[in-house]
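1. Turn this into a structure:
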Amino acid sequence: MSNPVVIVDPVSSGSDLAPAFSARNIPVIAVRSTAYADSSDVGYAAAIQSANFLKVYDNSPDLVDDLRRLNPHAIIAGSETGVELADQLASVLTPQFANVPELARARRHKADMQQALADAGLPVIRTLNTASITEVMRWLTEQDLTDAALVLKPPASAGSDKVFHISPGGDWQRTFDHILSTPTALLGEPSETVIVQEQVTGTEYAVDTVSAAGKHVLAHLIRYRKTSADERMTVFDYTEFMPFDSRQHGELLQYASQTLDALGIRWGAAHSEIMLTAAGPRLIETGARMCGGPVLGLARAATGSSQLERVMEAYLDGEIRTTQYDFRQTVVPVFLIAPVSGVLCNVEILDKLRTLPTHLATHVWKNNGDYVERTVDFDTTLGIVALAGERRAVFADYARIRQVEAQLVVKSIE
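-> I've put the predicted structure just below:
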């Protein structure tokens, strides 16, 4: 095959796409959607590796014509920032591998996402999208949520950026104004509206899938454990790759598949975060791309494969042949947390974690002398230490990680 595959914003886990296609002798082109899509100061594989591509294009008025001359085989979103542009390009240039164009906005805008599910008859989280405090007050009264716990967030973001949890009766108006006036990390500009939702509780999962011609296959099932930083219950403590149990997770997987249908996702990877509540599953959000971070290698350690292998099958074979979800061992990525903002002084202390009996991988994206923000979400973590093996042994080593992490020195700047 000489027709290239185009990857829009091949960063984070999307950085693994180009080497995989190149190994099959398929040329790969990169597209940078915005300047903010290629930022080397945030997390795992955050810069486009130009050496992996025949050419890197910037988004421009001539982009469609430039790519049309290449006759691309497929166009794939490499990360959340690339979802919207990849949708647009695929619908024009590779319609045989495009998701439903009419639902493109619902695949990015968190309020439209909930509405698309509601239109499909699925249960959703009660949601308002507005720039008006008066409208929020009226909606809270109408929904009997005046004294309820709430979630406020931008309509388009990633990595839990600017997601706030408001306790019952708490001051949501200050947070509302903050979201409207502060740029998101994803887009680099303030949001025009704010998403206001009822706060649902339960066990949160990532249901990571790959689709081919509308058939959805489970690739990863990951359970989240988060802690809080003030009004933000968005600090990842650890995540755990789970075996699939049809009695425990059957409703969850069915709901995830129905969500993908409702959002018009027919081709490629999707990362759905779903809260399994006492009333059943409720979608937090879906990204039409692979799960971010160093997840692919960890998934292979847990199950023998990942989203990446299935993405290759979908676009190159037209179907997914790796349909079996095989669980091999417990894999737990532990997120390293900075308790305060300041200058990191002794990151080398983390090296001793490599000797843990269940150590699988260490990914630290901060160095001594770097200024680090207090960890409040995924983007402000210091890194990840992944553990693998028998579950009790893994969690014994988890405790050791927290003991070593407590010795990290972060000096505040006066």
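2. Report the mean per-residue pLDDT for the longest helix anywhere in the chain.
-> Identified as the longest helix of the chain according to DSSP state H is helix 246-262. Model confidence over helix 246-262, given as mean pLDDT, is 97.
3. Residue ranges in the stretch 51-200 of the chain under the pLDDT threshold?
-> Counting by pLDDT under 70, the stretch 51-200 of the chain contains low-confidence residues at 159, 186-187.
4. Just to be sure, V404 is in a helix?
-> Yes: with DSSP: H, G, I helix; E, B strand; the rest coil as the criterion, V404 is assigned to a helix.
5. Just to check, it is in contact with L353?
-> Yes: distance between V404 and L353: 5.8 Å, which falls inside the contact criterion (CB atoms under 8 Å). All C-beta spots, glycine's among them, are computed from the backbone N, C-alpha and C.
6. Pick out whichever of the two has more residues nearby.
-> Regarding V404 and L353, a neighbour count based on other CB atoms under 10 Å identifies L353 as having more, with 19 against 16.
7. Which residues are in contact with that one?
-> The neighbourhood of L353, defined by CB atoms under 8 Å, 6 or more residues apart in numbering, consists of 359, 362, 385, 400-401, 404.
8. What does the pLDDT read for it?
-> Confidence at L353, expressed as pLDDT, is 98.
9. secondary structure class for it?
-> When states are read from three-state DSSP, the local structure at L353 comes out as helix.
10. what's the nearest residue to it if we skip its chain neighbours?
-> Counting by CB to CB, 6 or more residues apart in numbering, L353 lies nearest to V385, which is 5.3 Å off, once chain neighbours are set aside.
11. Now for the one you found: which residues touch it?
-> Under the criterion of CB under 8 Å, 6+ apart, the contact partners of V385 comprise 333-334, 336, 350, 353, 359, 361-363, 401.
12. what sits opposite it in the beta ladder?
-> Here V385 sits in beta bridges with V334, T362, going by DSSP bridges.
13. Distance of it relative to L260?
-> Per CB to CB, to the nearest Å, V385 is found 32 Å from L260.
14. As a check, name the ranges of all helices in this structure.
-> Taking DSSP H as the criterion, the chain contains helices spanning 17-23, 63-68, 83-93, 110-119, 133-142, 172-181, 246-262, 295-303, 307-317, 391-405.
15. before we move on, back to that, quick one: which of the contacts of V385 is nearest G78?
-> H363 (18.1 Å; CB to CB).
16. neighbours around the closest one, how many?
-> 19.
17. wait, doesn't it sit right on V295?
-> No: applying CB under 8 Å, one finds H363 not in contact with V295, separated by 10.6 Å.
18. what number of residues lie near Y325?
-> Neighbour count of Y325, defined by other CB under 10 Å: 16.
19. go on, S15?
-> Residues near S15, counting by other CB under 10 Å: 22.
20. Please report how far Q143 lies from P155.
-> 19 Å.
21. got the buried residues for stretch 10-19?
-> The neighbour-count check on stretch 10-19 (16 or more other CB atoms under 10 Å) flags 10-18 as buried.
22. excluding its backbone neighbours, what's nearest V136?
-> Per CB to CB, 6+ apart, closest to V136 is V196, 5.5 Å.
23. I'd assumed I125 was in contact with the one you found.
-> No: proximity of V196 to I125 does not meet the contact threshold set by CB under 8 Å, at 10.6 Å.
24. between the two, which one's more packed in?
-> The residue with more neighbours, out of V196 and I125 and counting by other CB under 10 Å, is V196; that gives 26 against 20.
25. Pairing partners for the more buried one in the sheet, please.
-> L128, L152.
26. And it, how close does it get to A149?
-> When distance is defined by CB to CB, V196 is 12 Å away from A149.
27. H249 too?
-> Distance, H249 to A149, by CB to CB: 26 Å.
28. quick one: which of those two has more around it?
-> Regarding H249 and A149, a neighbour count based on other CB under 10 Å identifies H249 as having more, with 20 against 17.
29. The more buried one - nearest residue in space that isn't next to it in sequence?
-> Nearest non-adjacent residue to H249, counting by CB to CB, 6+ apart: L221, 6.5 Å away.
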